[in-house]
Every structure is written in C-alpha cells, then in structure tokens.
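Student: What shape does this take:
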Amino acid sequence: MSLETVLARIDTDMPEAVERLRALLRIPSISTDPAYAGHCDKAADWLVSELNSLGIKTEKRATPGHPMVVGHVDGPGPHLLFYGHYDVQPVDPIELWHNDPFDPQLEETPKGTVIRGRGSSDDKGQLMTFIEACRAWIAEEGSLPCRITFFLEGEEESGSPSLVPFMQENADELKSDLAMICDTGLFESRTPAIVTMLRGLLGEEITITGPDLDLHSGMYGGVAMNPVRVLSKIIAALHDDTGRITVPGFYDGVPELSDELEAQWQGLAFDHAAFLGDVGLSEPAGEQDRTPLEMIWSRPTCEVNGIWGGYTGDGFKTVLPSQAHAKISFRLVGTQDPLAIRENFRAMVRDMLPPDCKVSFGGHGASGASQTETSDPAFEAARQALTDEWQVPAAYVGCGGSIPIAGHFQEILGTTPMLIGFGKDDDALHSPNEKYDLESFHKGTRSWARILAALT
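Tutor: As a prediction, this is how the structure comes out:
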C-alpha cells in the first residue's frame with residue numbers, strides 16, 4: 001500500500017472528479033417536493049451506476065419514499081459504513097440565485113475557486129469526497145483497504161421518514177465497526193474537526209386561551225385577563241437573571257466538560273466577538289458562567305422561536321385577544337430526557353396559569369442528544385490524518401445543531417458514528433447561491449484517503 005500514490009492520483013484526477021460532481025449536481029433531487037420524485041430516483045440511479053463502475057456491488061433499495069442506495073465491498077481490517085445524502089433543499093427564492101441552481105459553475109472568488117449550485121456543500125459535494133477517495137484507492141491499489149458499506153439516503157432534507165424503518169429492517173446488513181458521516185464542516189472554516197457532541201431537540205407549541213372571543217380593549221381592558229400578558233409572563237420566567245433555564249429538573253443529565261476537552265476548545269481561540277458581530281450582536285446572552293463555545297456545543301438551551309396573538313396586520317386594532325401562541329425549542333445535551341423535560345415544562349406552564357385561562361400544547365419532535373466516546377484508537381488515528389492533510393491541529397468539537405442519524409447508528413445498529421466534514425461557514429447551506437470550496441472538495445477527498453490508510 002502506498003498512500004502517496006493514492007494522494008497523487010487524487011491530485012491528477014481532480015478535474016475529472018469535479019466534472020463528476022457537477023453531473024450529480026445537475027440532478028434536481030429535491031426530496032420535499034413530490035414533483036421532483038423522479039429526479040430523486042435519477043440521482044439514486046446515478047450513484048448506483050458510479051459505485052458499480054468501481055466494482056462496488058450496489059443496489060437501489062425501495063422505501064415508501066425516496067430510495068436508499070446501499071453498496072458493499074469486502075476487504076480486510078475493520079468494517080466501515082459511509083453515510084451521506086443525495087437529496088437537496090428547494091431553491092426558493094429562485095430570484096436571489098445568480099445562476100441556475102442546477103447548472104453548477106466554477107466561480108473565482110476572493111477566497112478561491114468554488115463550485116456554485118444547490119447541494120454542492122449539503123451534501124453532494126461532501127458525499128463525493130468519499131467516493132472519489134475510494135476511486136483513487138481502487139485505481140492505484142486494485143481494491144479498497146478494508147470492508148466498506150455505502151449507505152446513501154434520499155430524504156434527509158425532508159425529515160428522513162423512511163430512514164429508521166429501513167435501518168431496523170436491515171440492521172444486520174448495516175452493522176459496522178464505525179459509521180463515517182460526511183455532513184459537517186471545518187471549525188471557523190479553517191480547522192479540521194471531528195464532531196463528537198450533537199445536541200438533541202425538543203419542540204413545544206403552546207396556546208393560552210382567555211376570553212371566548214377577541215374583546216374591545218376599551219370595554220374589557222383592565223378587567224379581563226389578556227392571554228398575551230399571561231404568555232409573556234411565562235416566557236419571561238423560563239430564564240433567571242444569570243441565563244439559567246428554570247424548568248424544574250432541566251439540568252438533570254447535563255455533564256461537565258472533561259479537562260482535556262476544555263483545554264482543546266480553549267486552544268481553538270474562538271472569537272465570539274466576531275461570531276456575534278457578524279450578525280449585529282456583541283454580548284453572549286446565555287449562562288453567564290459558561291464560555292461561548294460551551295454555550296453553543298455543550299450546554300442546553302431554551303429559545304422562543306415564534307410568538308403571536310391578537311391583531312398583527314397593518315395599522316392598529318384595539319382588541320384584547322382571545323388567544324396567544326408561542327413556539328419554544330429546547331436543545332439538549334448529555335443524557336437529558338426530552339420526554340421528562342416536556343412534562344416538567346408543561347407542568348410549569350399550568351402552574352403559572354391564572355383563573356379564566358387555559359392552555360393547550362402541541363409537540364414538535366423529541367430526540368435526545370448524541371455523544372461519541374473517543375477512547376477508540378480510531379478517533380485519534382483519524383484526527384492525526386486530518387492534521388496531516390490540513391497542516392492544522394484537528395479538534396474534537398461539538399455541534400450546536402442536531403443530526404439525528406448519528407443517534408440512530410448508536411441506538412439501532414450499535415455502531416459508533418464518526419462525523420467529519422469539510423463545509424465552510426459561508427457555504428450558504430439551504431440558501432440561494434450555495435457553494436462548496438474547491439479546496440474543501442480536493443482536500444476533503446485527500447483527507448478520506450488518509451483516514452482510510454490510518455484506520456487499516
């Protein structure tokens with residue numbers, strides 16, 4: 001085995017690799033819109049064809065929604081599973097795109113060459129880094145260095161409704177030693193990272209009802225209870241003056257950082273002033289005894305995502321509304337129990353209701369956090385491989401968002417997930433003019449080649 005010849009092959013074949021990526025990007029595989037179902041099918045077929053052309057036995061597998069792509073190749077050493085998704089977000093608003101979102105172009109920018117088009121970063125460009133690394137291995141060595149399963153999904157951008165049933169029905173086939181997920185990014189667009197903490201998510205919608213109908217504020221104001229006033233008091237009570245969340249039992253299961261991880265995060269020299277300044281803010285608003293990176297990666301949150309009630313149109317209407325509404329989300333960490341938090345939150349709200357008011361609740365998902373144990377030597381091997389490629393010390397990081405697939409690998413398959421990606425902060429995911437840096441595509445491909453060598 002010669003890693004250097006594989007890396008050289010990647011360098012030489014990069015123009016052809018870019019053209020293959022552009023071919024995949026031209027397929028408008030928007031999973032959430034039924035009008036594009038045929039295109040999702042076409043994207044799956046394209047991937048099946050590419051993998052089969054490399055000698056990887058691959059099939060398109062039917063689901064109640066869009067198909068899965070599953071491929072297998074035997075080999076020595078560990079069994080790795082690679083996960084990515086071939087579906088993309090809708091392009092609206094189309095008028096804000098500089099070019100056709102499904103006619104991907106190479107564009108020169110002050111920061112380098114980028115591939116501009118829907119799905120270029122999320123997740124087709126990321127997915128193809130791994131396939132191109134495997135292509136180079138096969139071209140130079142005649143085979144891959146270990147046993148690999150390819151598991152490519154077509155519904156990630158529409159909630160993955162078919163994913164869990166498919167994984168449950170095919171658990172024996174999909175079980176592996178490690179699940180490699182390429183759907184994340186570089187820290188601050190420059191530091192390679194392995195995501196080891198993913199926050200869970202709990203969504204709650206509440207409606208406070210007071211009078212039977214909207215009332216004239218001149219006739220009833222002051223004497224009738226206003227639901228917006230009640231809701232405002234409830235929302236204000238969710239945090240204390242130090243930023244801590246006041247829901248009873250909320251911090252049960254919230255772990256403290258290890259000294260080693262805390263030191264590693266401090267070494268990243270995160271510039272929170274610039275981070276907030278980019279969106280017109282200046283001061284961290286969370287728990288006052290925590291660093292900004294802790295707030296984003298390892299601490300739970302409670303946020304109001306929407307609030308409404310009464311008249312909100314143009315002009316003015318002097319009503320006392322019958323109802324007030326809010327959508328509230330909780331990001332969860334460690335072993336926090338989303339269902340217990342839901343019950344405690346609802347009990348807290350009920351206890352704060354005055355006479356003549358009632359409340360109704362609607363749940364919008366409840367998933368726990370996912371945390372990866374990095375004691376497996378594979379993690380340090382992968383971290384060193386990333387460091388060697390990017391010439392910047394790679395880090396174990398958290399993720400403020402939620403990536404449910406990582407938890408599914410742990411819970412359904414008993415497989416440890418390893419999340420490595422090469423997106424950048426300005427890739428405009430889900431937005432007009434999405435892009436993927438050519439450097440991310442090139443060095444991401446080289447990174448996977450190094451990781452395969454390091455793990456075998």
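
Student: Show me the domain layout of the chain.
Tutor: Following automatic domain parsing, one finds the domains of the chain at 3-198+370-455, 200-254+300-367.

Student: quick one, which of the ones you listed is nearest to Thr291?
Tutor: Proximity to Thr291, assessed across these by CB to CB, is greatest for domain 3-198+370-455 (11.8 Å). From N, CA and C alone the C-beta is placed, and that goes for glycine too.

Student: Ala274 - that's part of a strand, no?
Tutor: No - using DSSP: H, G, I helix; E, B strand; the rest coil, the assignment for Ala274 is helix, not a strand.

Student: Return the most buried member of the domains of the chain.
Tutor: domain 3-198+370-455 (a mean of 19; mean count of other CB atoms under 10 Å).

Student: How far off centre is that one?
Tutor: Mean-position distance between domain 3-198+370-455 and its chain equals 13 Å (CA atoms, centre = their mean, to the nearest Å).

Student: which helices and strands sit right next to the helix or strand containing Arg446?
Tutor: Here Arg446 sits within helix 438-455, counting by DSSP states H and E. Using 3 or more CB pairs under 8 Å, 6 or more residues apart in numbering; DSSP states H and E, the elements in contact with helix 438-455 are helix 3-12, helix 14-25, strand 112-116, helix 124-141, helix 377-390.

Student: Quick one: closest of the ones you listed to Lys327.
Tutor: helix 124-141 (30.2 Å).

Student: tell me the angle of the closest one relative to helix 438-455?
Tutor: Angle of helix 124-141 versus helix 438-455, following axes from the mean of the first three to the mean of the last three CA atoms, to 10 degrees, is 50 degrees.

Student: Alpha carbons only: can I get helix 124-141 in CSV?
Tutor: Extracted C-alpha coordinates of helix 124-141, given in CSV (Å, rounded to 0.1, in the frame of the first residue of the first chain):
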residue,chain,number,x,y,z
LYS,A,124,-23.5,16.1,-2.7
GLY,A,125,-20.0,17.7,-2.6
GLN,A,126,-19.3,16.1,0.8
LEU,A,127,-20.6,12.7,-0.3
MET,A,128,-18.5,12.7,-3.4
THR,A,129,-15.3,13.4,-1.4
PHE,A,130,-15.5,9.8,0.0
ILE,A,131,-16.4,8.2,-3.3
GLU,A,132,-13.6,10.0,-5.1
ALA,A,133,-11.1,8.8,-2.4
CYS,A,134,-12.3,5.3,-2.9
ARG,A,135,-12.0,5.7,-6.7
ALA,A,136,-8.3,6.7,-6.2
TRP,A,137,-7.6,3.7,-3.9
ILE,A,138,-9.1,1.3,-6.4
ALA,A,139,-7.2,2.9,-9.3
GLU,A,140,-3.8,2.6,-7.6
GLU,A,141,-4.2,-0.5,-5.4
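
Student: before we move on, back to that, okay, the helices and strands packed on helix 438-455 in TSV with mean pLDDT and distance to Ile181 next?
Tutor: Output for the helices and strands packed on helix 438-455, formatted as TSV (pLDDT from 0 to 100; distance: least, CB to CB, whole Å):
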stretch	mean pLDDT	distance to Ile181
helix 3-12	98	21
helix 14-25	98	19
strand 112-116	98	21
helix 124-141	98	9
helix 377-390	97	12
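
Student: As CSV, the ones you listed with distance to Asp92 would be great.
Tutor: Formatted as CSV, these follow (distance: least, CB to CB, whole Å):
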stretch, distance to Asp92
helix 3-12, 36
helix 14-25, 18
strand 112-116, 17
helix 124-141, 19
helix 377-390, 35
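
Student: Between these, which one is closest to Thr246.
Tutor: Thr246 lies closest, by CB to CB, to one member of the helices and strands packed on helix 438-455: helix 377-390, at 36.5 Å.

Student: In the stretch 51-200 of the chain, mark out all the helices, start to finish.
Tutor: 124-141, 163-169, 171-174 (DSSP state H, counting those that start in this stretch).

Student: Which one, of those, ends up nearest to Phe102?
Tutor: Nearest of the helices of the stretch 51-200 of the chain (CB to CB): helix 124-141, 11.2 Å.

Student: other SSEs contacting that closest one?
Tutor: Counting by 3+ CB pairs under 8 Å, 6+ apart, helix 124-141 packs on helix 3-12, helix 14-25, strand 79-85, strand 147-153, helix 438-455.

Student: Need the phi and psi values for the spatially most central residue of the chain.
Tutor: Centroid-nearest residue in the chain, with CA atoms, centre = their mean: Ile403, separated by 4.4 Å. Note on Ile403: backbone dihedrals following degrees, to the nearest 10 are phi -120, psi 90.

Student: Can you show me the strands along the stretch 301-450 of the chain?
Tutor: Secondary structure of the stretch 301-450 of the chain (DSSP state E, counting those that start in this stretch): strands at 301-309, 319-320, 323-332, 358-367, 370-371, 395-399, 416-420, 435-437.

Student: can you redo those strands as TSV with mean pLDDT and distance to Pro255?
Tutor: Shown next, in TSV, are these (pLDDT from 0 to 100; distance: least, CB to CB, whole Å):
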stretch	mean pLDDT	distance to Pro255
strand 301-309	97	16
strand 319-320	94	46
strand 323-332	97	12
strand 358-367	94	18
strand 370-371	86	8
strand 395-399	92	12
strand 416-420	96	18
strand 435-437	98	34
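
Student: Now tabulate these in CSV and tack on distance to Ile235.
Tutor: Listed next are these as CSV, based on distance: least, CB to CB, whole Å:
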stretch, distance to Ile235
strand 301-309, 6
strand 319-320, 19
strand 323-332, 6
strand 358-367, 13
strand 370-371, 28
strand 395-399, 26
strand 416-420, 33
strand 435-437, 38
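
Student: mind checking which of those is nearest Ile181?
Tutor: Using CB to CB, the strands of the stretch 301-450 of the chain put strand 416-420 closest to Ile181, at 4.6 Å.

Student: Okay, now the sheet partners of that closest one, with direction.
Tutor: Strand 416-420 has the following strand partners under DSSP bridges: strand 178-181 (parallel), strand 193-198 (antiparallel).
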